[in-house]
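Chemist: Below is the structure, and that's it, no one-letter string:
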C-alpha cells in the first residue's frame, strides 16, 4: 500500500474522490481532477480512459485473484480456490478510509454505481473463467463464484467499517455465516411455499 | 401469461426485442418500436420512460416477491422466505422463448447489460428491505438475499434453456447445488491460503 500512496495513479484517485465528494460526480471534470492532483489532463488519460473509470482499479484485484486460482493446489475445490484468492485482497486493495469514502461517493452517484456493478460482473466472469480453466464444470464455477462474491462483499463491508477487523478472519466468518443461512433454510424446506398454488 | 401475450405492453416488448435482435440496440429508435407494435410513440411512453427500459418489467417480479415475503409464515427463516417468493416467479415471468432471446440481446448490448445489473441490484435491495421488515438482522438479510439471488439466477438460466424443466424443481436443485459448493469448501478450509504471505 505504501507504493500506492505515493504514485501518480493514487494521486489522481484521491483527487477524484475528494472532488466527487465535495461537488458531486457530474460537476467534476477531468481537468479539475488533474489540477487537484498537480498533474496534467494528459497524465490522467495515461491512467484512465474516462472520468467514470478513476475509482475502479479493478484489474489489479482481478489479476491478483486469477493468479491465486491458477496457483491453487491440484484437486482443490472451487470455493477453496476462491477463498485462497480473496485472502490476497489486502495486498492490492486501497486503504480503509479511502474505500469508506469511495463507497459513499459511489452510492450517491448512479453513473458510478452502474460502473461498479459492471466491474463486479466482469470480475465474477474472470473468476468463473479461471475456475473453468482449472477443470471446474461451468455451472458449478458460476455458483461457486456467486457464493464467493457474496462472501467477499460481506467481508469488504465489514472490513471497511471496522478499523480493527482482520481480513482473513472476516472472510472465514462470512463463509460460515453464508453456510448458516443456507442450512437453516434447508432444514425448513417443506415450508418453501412452492406448492401453494400447485 | 395469456394476459401478458395480448396486451399493449407485451406488444411493445416483443417489437423492441425483435428490432434489437435484427438491427442492434443502438440503431433502434422508440419510433421504430412503436411502429412495429402498431402503436404510437405516445403509447410507448405511457409504459416506459425510455428505450433502455423496455425489456425490464422488473417491478412486477419485485412486487410478487416482496408480497410473498410479507405473506410468509411467522418464524420462517430468511432463505425459506426467499425460496417461497421465488416459487411464485412462474406467475409473472415472460414466456421461455421470449426470455431466451432477451438474454441474448442483453448480453450483446452493453447499455442493456448495465440496466440489467442495476435492475438486479434494485431487486436485491427490495428483498433485503422486505426481509428486514420481517425482523431479519440487516447483515443476514443481505447474505440470504445474495445466496437467494445466486439460486434464482441458476434456476432462471436452466429454466430458459430446458423446455421441460420444472421451475420449483430447479429452485430446490439449485439450492442443493449451492449448499454442496459451500460444504465441500468448508471441509477444505485449512487450504484457504490466507497464511501463505503471513
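Modeler: That came through, no problem. Here the structure is a predicted model, which means the values were calculated and not measured.
Chemist: C-alpha from now on. contacts and neighbour counts both.
Modeler: Noted.
Chemist: and the closest residue in space to residue A:138 that isn't next to it in sequence, what element?
Modeler: Of all residues not flanking residue A:138 in the chain, residue A:132 sits nearest, at 6.1 Å (C-alpha to C-alpha, 6 or more residues apart in numbering or on different chains). Per DSSP states H and E: residue A:132 is located in helix A:110-133.
Chemist: again with residue A:34
Modeler: helix A:30-36.
Chemist: re the thing from before, how about the helix holding residue A:132: buried residues?
Modeler: A:112-121, A:123-124, A:126-132 (16 or more other C-alpha atoms under 10 Å in any protein chain shown).
Chemist: what's the domain layout of chain A?
Modeler: Listed by automatic domain parsing, the domain ranges of chain A are A:8-54, A:57-182.
Chemist: Now these in TSV, please, with extra columns for mean pLDDT and distance to residue B:151.
Modeler: Output for the domains of chain A, formatted as TSV (pLDDT from 0 to 100; distance: least, C-alpha to C-alpha, whole Å):
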stretch	mean pLDDT	distance to residue B:151
domain A:8-54	93	31
domain A:57-182	93	8
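Chemist: Switch these over to JSON lines; also include distance to residue B:18.
Modeler: Formatted as JSON lines, those follow (distance: least, C-alpha to C-alpha, whole Å):
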{"stretch": "domain A:8-54", "distance to residue B:18": "32"}
{"stretch": "domain A:57-182", "distance to residue B:18": "25"}
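Chemist: if I pick the closest residue to residue A:146 other than its chain neighbours, what's in contact with it?
Modeler: Once flanking residues are discounted, residue A:146 sits nearest to residue B:150: 5.8 Å by C-alpha to C-alpha, 6+ apart. By C-alpha atoms under 8 Å, 6 or more residues apart in numbering or on different chains, the residues touching residue B:150 are A:143, A:146-147.
Chemist: Residues of chain A that sit close to chain B?
Modeler: Chain A comes close to chain B at residues A:76-81, A:83-85, A:87-88, A:114-115, A:117-118, A:139-140, A:143-144, A:146-147, A:150-151, A:154, A:168, A:177-179, A:181-186, A:188-189, A:191-194, as judged by C-alpha under 8 Å from any C-alpha of the partner chain.
Chemist: For the closest residue in space to residue A:170 that isn't next to it in sequence, what is the enclosing helix or strand?
Modeler: Counting by C-alpha to C-alpha, 6+ apart, residue A:170 lies nearest to residue A:155, which is 5.4 Å off, once chain neighbours are set aside. Per DSSP H and E, residue A:155 falls inside helix A:138-161.
Chemist: Quick one: list the elements packing against the following helix or strand past that helix.
Modeler: Using DSSP H and E, the next helix or strand after helix A:138-161 towards the C-terminus is helix A:167-187. Counting contacts by 3 or more C-alpha pairs under 8 Å, 6 or more residues apart in numbering or on different chains; DSSP states H and E, helix A:167-187 is packed against helix A:138-161, helix B:78-86, helix B:138-161, helix B:167-187.
Chemist: CSV for these, including distance to residue B:32?
Modeler: Conversion of those to CSV gives the following (distance: least, C-alpha to C-alpha, whole Å):
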stretch, distance to residue B:32
helix A:138-161, 37
helix B:78-86, 35
helix B:138-161, 28
helix B:167-187, 35
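Chemist: Of those helices, which stretch is the most buried?
Modeler: helix B:78-86 (a mean of 27; mean count of other C-alpha atoms under 10 Å in any protein chain shown).
Chemist: relative orientation of that helix and helix B:110-133 in degrees?
Modeler: 120 degrees (axes from the mean of the first three to the mean of the last three C-alpha atoms, to 10 degrees).
Chemist: Check which element follows helix B:78-86 along the chain.
Modeler: helix B:96-108.
Chemist: Next, the buried residues of that next one.
Modeler: Buried residues in helix B:96-108, defined by neighbour count with 16+ other C-alpha under 10 Å: B:99, B:101-103, B:105-106.
Chemist: neighbouring contacts of that helix?
Modeler: So helix B:96-108 is contacted by B:14, B:17, B:20-21, B:55, B:112-113, B:116, B:159-161, B:163 (C-alpha under 8 Å, 6+ apart).
Chemist: So which of the residues you listed is the closest to chain A?
Modeler: Proximity of these to chain A (C-alpha to the nearest C-alpha) peaks at residue B:113, which lies at 8.2 Å.
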